[in-house]
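Student: Pasting the sequence and the predicted coordinates here, then a few questions.
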Amino acid sequence: MNFDKNLLELSPKPPVAFNISLAPIRNLGNTFYASGQVARRGEVMIATGLVGREVNMELSQECAWQCAINVLESVKNALGSLDKIDYVARLGIYVASADDFSDQHLVAHGASQVMLDVFGPVFGSHTRTAIGVKSLPLNSPVEVDAIFCLK
């Protein structure tokens, strides 16, 4: 591959239709990143809207819980088994927040608890960032991504 040549040959404007192929996980040596997942159970969104306005704390934590389950299901599908994971390194929790909402860390507890329940307190303990954002894909109140280390 000649990435330099590909860059030079790019059109100055994007195509009319994008041809996007994203990976559910991407390895970086023994570490891998898992793509973000929204608060969808099957094909149905658990909730939509901003936390602190349309979505209350209890429902937002349920959304974070489901996002984390979706991350793990995606990882399991890509790896074949969660048993290939050594430990959870980091969670990123993005909370679509009303202007005066500042409890993103409490929403994030829903996602963190999933990792602790699945991997236990030693392998499931992780660093975490909880960030308030203006909006998320599909109007999801929460999105979660993760970094894991392989055995």
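Tutor: Sure, I can see it. Numbers count the residues shown, from 1 in each chain.
Student: Need the single longest helix in the protein, by residues.
Tutor: Looking across the chain with DSSP state H, the single longest helix is helix 57-79.
Student: name the helices or strands packed onto that helix?
Tutor: On a contact count with 3 or more Cβ pairs under 8 Å, 6 or more residues apart in numbering; DSSP states H and E, helix 57-79 meets strand 25-28, strand 31-38, strand 40-41, strand 85-96, helix 104-123, strand 142-150. In this view, the C-beta of every residue, glycine as well, is placed from N, C-alpha and C.
Student: Please tabulate the ones you listed in JSON lines and include mean neighbour count and mean pLDDT as additional columns.
Tutor: Shown next, in JSON lines, are the helices and strands packed on helix 57-79 (neighbours: other Cβ atoms under 10 Å; pLDDT from 0 to 100):
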{"stretch": "strand 25-28", "mean neighbour count": "12", "mean pLDDT": "89"}
{"stretch": "strand 31-38", "mean neighbour count": "20", "mean pLDDT": "97"}
{"stretch": "strand 40-41", "mean neighbour count": "14", "mean pLDDT": "96"}
{"stretch": "strand 85-96", "mean neighbour count": "22", "mean pLDDT": "98"}
{"stretch": "helix 104-123", "mean neighbour count": "18", "mean pLDDT": "98"}
{"stretch": "strand 142-150", "mean neighbour count": "23", "mean pLDDT": "98"}
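Student: got the angle between the longest helix of the chain and strand 142-150?
Tutor: Computed with axes from the mean of the first three to the mean of the last three Cα atoms, to 10 degrees, the direction of helix 57-79 lies at 40 degrees from that of strand 142-150.
Student: Please work out the average pLDDT along helix 57-79.
Tutor: Averaging pLDDT along helix 57-79 gives 97.
Student: tell me the angle of that helix relative to strand 31-38?
Tutor: Using the same axes, to 10 degrees, helix 57-79 lies at 130 degrees relative to strand 31-38.
Student: which residues sit against helix 57-79?
Tutor: With contacts defined as Cβ atoms under 8 Å, 6 or more residues apart in numbering, helix 57-79 is touched by 23-25, 34-41, 46-47, 51, 55, 82, 85, 91, 93, 95, 103, 106-115, 118, 140-146, 148.
Student: hmm, try it at 6 Å
Tutor: 24-25, 34, 37, 39, 41, 46-47, 51, 82, 107, 110-111, 114, 141-142, 144, 146 (Cβ atoms under 6 Å, 6 or more residues apart in numbering).
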